[in-house]
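>>> Let me see the structure of the following:
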Amino acid sequence: MPLLTLLFLGAYLAAVLAIGFFWRRRAGRDEVSYFAADRSLTTFWGFVGLASLTTGGSTTIVLAAFVYTHGLAGIWLDLAGVLGLLLLGLFLAARIRREGAITLPEIVGRYYGGNARRAAALLVLVSEIAWFALLVTATQVVLTSVLRVSAVPAIIGATAVFVAYTSLGGHFAVVRTDLLQYGLMVVGILGIALASALTRSGGLGGLPPEAWAFPTAPTLGAGDVLALLVLVGLPHLIGSDITLKLLSCRDERTARRAAILAAVSKLAFGAAVAAIALAARKALPPLDAERVLP
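Presented below is the predicted three-dimensional model:
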């Protein structure tokens, strides 16, 4: 294992723990401070939080595999989320922030009663367990490949770091680590990976016509596109994590701008990853689609 890789990974883990420790006092003032960052997020911090949250596996590894398999039409996996965020910013973000709540179930309960609130809370809990499982699994894949350790110690270590910095610093710490993660993605994907892919492939010219098929493709029909708009777009419109970011913004206008900027960011990352996938389709021999981006 290269020493530089180990040092970089160690520095990253130390940085997120330090962020949690640094923000522990401000986050511990009250419930609003801990869960909603004292409703202090500016447009910049709201944008960073939403952009980092929505630029995850679906906009990177999974999208690359989708475009590699289906051609340009596969970018609907990303465009569905972009449309969800855009609609959120234009029509719902200000109203959500106006509620002054802390959680999505709290908002549901105000309009539909206690039973609806409890049902919404249960759904959020189940979805968060699934999301956290995906997060830990993805992290252990990276750690096992880099550190050459078994899966169980990697999962325990990754979980301990996640729980430690969020428990210490609350949403103040989360949004600051979002900046660190988003910065790494900008450099790694929009910078290094995109430039390397286009250089090695000599550009995207020369691809077969089916690679450019859009909005549908022979392997991705209108029904598939509609399914993506529902299954991917709706969580970007009404997801519980996204709602919390908006509720943490300073005011309604800030929440609206943050959501619209996050949509623009997601579109930029989606276009970059799609270009990388198409470059791989041109320059490399056939390979497992899930290995296109890594």
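>>> Now do the helices in the stretch 151-294 of the chain.
When assigned using DSSP state H, counting those that start in this stretch, the helices of the stretch 151-294 of the chain occupy the ranges 151-185, 194-201, 222-231, 233-238, 240-247, 252-283.
>>> Now do the third one: distance to the chain's middle.
Computed by C-alpha atoms, centre = their mean, to the nearest Å, the separation of helix 222-231 from the middle of its chain amounts to 20 Å.
>>> Show residues contacting it.
73, 76, 77, 80, 83, 215, 216 (C-beta atoms under 8 Å, 6 or more residues apart in numbering). (C-beta placed from N, C-alpha, C; glycine too.)
>>> Please identify the buried residues of that helix?
For helix 222-231, the neighbour count (16 or more other C-beta atoms under 10 Å) marks 224, 225, 228, 229 as buried.
>>> most neighbours, which of the contacts of helix 222-231?
For the contacts of helix 222-231, the largest number of neighbours (other C-beta atoms under 10 Å) sits with residue 76, at 29 neighbours.
>>> The helix or strand where that residue lies to helix 252-283, inter-axis angle?
In this assignment (DSSP states H and E), residue 76 forms part of helix 76-87. Calculated by axes from the mean of the first three to the mean of the last three C-alpha atoms, to 10 degrees, helix 76-87 forms an angle of 170 degrees with helix 252-283.
>>> Most tightly packed of the helices of the stretch 151-294 of the chain?
The highest average neighbour count among the helices of the stretch 151-294 of the chain, using mean count of other C-beta atoms under 10 Å, belongs to helix 240-247 at a mean of 24.
>>> What lies in contact with that one?
Helix 240-247 is contacted from outside by 35-36, 39, 41, 46, 49-50, 53-54, 85, 88, 93, 96-97, 99-105, 107, 124, 127-128, 131, 171, 235-236, 255, 258-259, using C-beta under 8 Å, 6+ apart.
>>> Buried among those? Make that a ChimeraX selection.
Paste this into ChimeraX to select the buried members of the contacts of helix 240-247, with burial taken from 16+ other C-beta under 10 Å:
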select :35,36,39,41,46,49,50,53,54,85,88,93,96,97,101,102,103,104,105,107,124,171,235,236,255,258,259
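>>> Could you pick out which of the contacts of helix 240-247 are located in helices?
With helices taken from DSSP state H, the overlap with the contacts of helix 240-247 comprises 35-36, 46, 49-50, 53-54, 85, 93, 96-97, 104-105, 107, 124, 127-128, 131, 171, 235-236, 255, 258-259.
>>> quick one, phi psi at the residue lying farthest from the centre of the chain?
Taking C-alpha atoms, centre = their mean, the residue of the chain most remote from its mean C-alpha position is residue 206, at 32.2 Å. Dihedral pair for residue 206: phi 90, psi 0, per degrees, to the nearest 10.
>>> Surely it touches residue 279?
No - if you go by C-beta atoms under 8 Å, residue 206 and residue 279 don't touch, sitting 10.8 Å apart.
>>> Report the contact partners of residue 165.
16, 17, 19, 20, 21, 173, 177.
>>> and those residues, which are buried?
Using 16+ other C-beta under 10 Å, the buried members of these are 16, 17, 19, 20, 173, 177.
>>> Save those residues as a markdown table, and put in distance to residue 240 and pLDDT too.
Converted to a markdown table, the buried ones among the contacts of residue 165 look like this (distance: C-beta to C-beta, whole Å; pLDDT from 0 to 100):
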| residue | distance to residue 240 | pLDDT |
| --- | --- | --- |
| 16 | 22 | 91 |
| 17 | 25 | 92 |
| 19 | 23 | 94 |
| 20 | 22 | 93 |
| 173 | 19 | 95 |
| 177 | 19 | 93 |
